[in-house]
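Undergrad: When you get a sec, could you give me coordinates for this:
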Amino acid sequence: MLRVALIHYPSTSCCLSTAATPFTPLPKLGKKWSEYQGLNYWKGLLDPIDDTLRAVILRYGQFVDAAYDSFDFDPSSPAYGTCKFTRGSLLSGRGFTGYRVTKFLHATCGLHLPRWASARSTWIGYVAVCQDKDEIDRLGRRDVVIALRGTATWMEWLENLRATLTCLDDCGAGDDARPMVESGFLSMYTSGTATCPSLQSTVKAEVARIMRTYGGHGEAPLSFTVAGHSLGAALATLAAHDINSTFADAPMVTVMSFGGPRVGNRSFRRRLERGGTRILRIVNSDDFITKVPGFVVDNNNNNNNNNNNNNNHKNSTAGEFPMWVKKRVEHTPWGYDEVGKELQLRSGESPYIFKRDVATCHELSTYLHLVDGLASSTCPLRATARKMFNNDFWCGKVGIF
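TA: Numbers count the residues shown, from 1 in each chain. All right, here's what the predicted structure looks like:
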């Protein structure tokens, strides 16, 4: 089931294409931009959903869509695993006025491979910086986007299966409060080759460069938005943590997580909160991937995860376990915790989604469609909701394997 849900399908056979995903214009944000980036943890904006926040979420989802569209999925191609476009052309024609791609991002499988197989880095996303003065004025700051796609290769899938927790950084074996994250995600984030640095080092170096270039006196405020889907959402969470923990003077850092799996334990969640990282975790309640890996026995202490009357943690069984069980599980390699503020969607409420399989519920286009249509927890789909996918996908023309 993990394989079905975590591997993304090429845009030639599924729903992601520039034409299939309508561009979502943003209204003028001005000085209110930080509210939509989560300054107050999106209080009062989620239920019913604020129309401007809806546009913000869709816009960042379309940045991730561009990462999927730009990836060469064809294993027979000599360019397999690379970006099909140059930095100058990747965002062309997509409506992202004023943004310039400044860095391509690559990730490497850190597994010990047999001699006949070599570690290979694959293109996983990009960094884009808003450069246009009029757009900066409209957005209220200079927006920096880090967009990350989901799983696309068999080696990335193998990393996804390494679901036990491991220490995030150096910590003693007796430290019960040590932050831990999923082994495979951390491996993908920190591994590199002799010719390709790790995703971690590339992100940190580019963030440092951007802060040096645009962080001076008289410059517009900076913000970093790390957006990802599936595996990309997990890596986005790790990257946001890194930015806030590495740079003492880091500007506001926000994660837009679409269909992301669980990433770490309770100590990791607490470290994210102490560091000020804002995470909007957009979850389809019918999406299996958002309920793995591991299990959560108690999420009551996460104040940021209470999305009004949206019945967030239906899959959390905290009330069924005595305290000693919760304590014991919390320190096991399978004791995960949810992070950030949750916006819950329900694909079963859409009249446009005829299939209810794992792949359909997990697709990025499903998420964009549901966000576009969401009104409130009592009205999960507006009558004006747009179809953000093409007919081929919903006619069943997608191969699971």
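
Undergrad: now Tyr214: how far from Arg87?
TA: In this view, Tyr214 and Arg87 are 18 Å apart by CB to CB, to the nearest Å. In this view, the C-beta of every residue, glycine as well, is placed from N, C-alpha and C.

Undergrad: okay, these two: which has more neighbours?
TA: Using other CB atoms under 10 Å as the criterion, Tyr214 and Arg87 rank with Tyr214 on top: 18 against 15.

Undergrad: Show the backbone phi and psi for that one.
TA: The phi/psi pair for Tyr214 (degrees, to the nearest 10) reads phi -120, psi 10.

Undergrad: I'd assumed Arg142 was in contact with it.
TA: Yes. Tyr214 is in contact with Arg142 according to CB atoms under 8 Å; the separation is 5.6 Å.

Undergrad: which neighbours do those two share?
TA: 129, 220, 222 (CB atoms under 8 Å, 6 or more residues apart in numbering).

Undergrad: So for the second one, what's the pLDDT?
TA: For Ala220, the model assigns a pLDDT of 94.

Undergrad: The chain: helices as residue ranges?
TA: With helices called from DSSP state H, the chain shows them at 2-6, 33-36, 51-70, 133-139, 154-160, 183-190, 199-214, 231-246, 266-275, 323-330, 358-362, 364-373, 391-394.

Undergrad: any chance of those in TSV, with mean pLDDT and distance to Gly260 too?
TA: What follows is the helices of the chain, written out as TSV (pLDDT from 0 to 100; distance: least, CB to CB, whole Å):
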stretch	mean pLDDT	distance to Gly260
helix 2-6	37	11
helix 33-36	98	20
helix 51-70	97	11
helix 133-139	95	24
helix 154-160	80	12
helix 183-190	95	10
helix 199-214	98	16
helix 231-246	98	3
helix 266-275	94	13
helix 323-330	57	21
helix 358-362	94	11
helix 364-373	95	10
helix 391-394	38	21
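
Undergrad: Need those helices in JSON lines (columns: distance to Tyr352).
TA: Output for the helices of the chain, formatted as JSON lines (distance: least, CB to CB, whole Å):
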{"stretch": "helix 2-6", "distance to Tyr352": "21"}
{"stretch": "helix 33-36", "distance to Tyr352": "27"}
{"stretch": "helix 51-70", "distance to Tyr352": "16"}
{"stretch": "helix 133-139", "distance to Tyr352": "31"}
{"stretch": "helix 154-160", "distance to Tyr352": "29"}
{"stretch": "helix 183-190", "distance to Tyr352": "32"}
{"stretch": "helix 199-214", "distance to Tyr352": "35"}
{"stretch": "helix 231-246", "distance to Tyr352": "23"}
{"stretch": "helix 266-275", "distance to Tyr352": "34"}
{"stretch": "helix 323-330", "distance to Tyr352": "39"}
{"stretch": "helix 358-362", "distance to Tyr352": "11"}
{"stretch": "helix 364-373", "distance to Tyr352": "7"}
{"stretch": "helix 391-394", "distance to Tyr352": "7"}
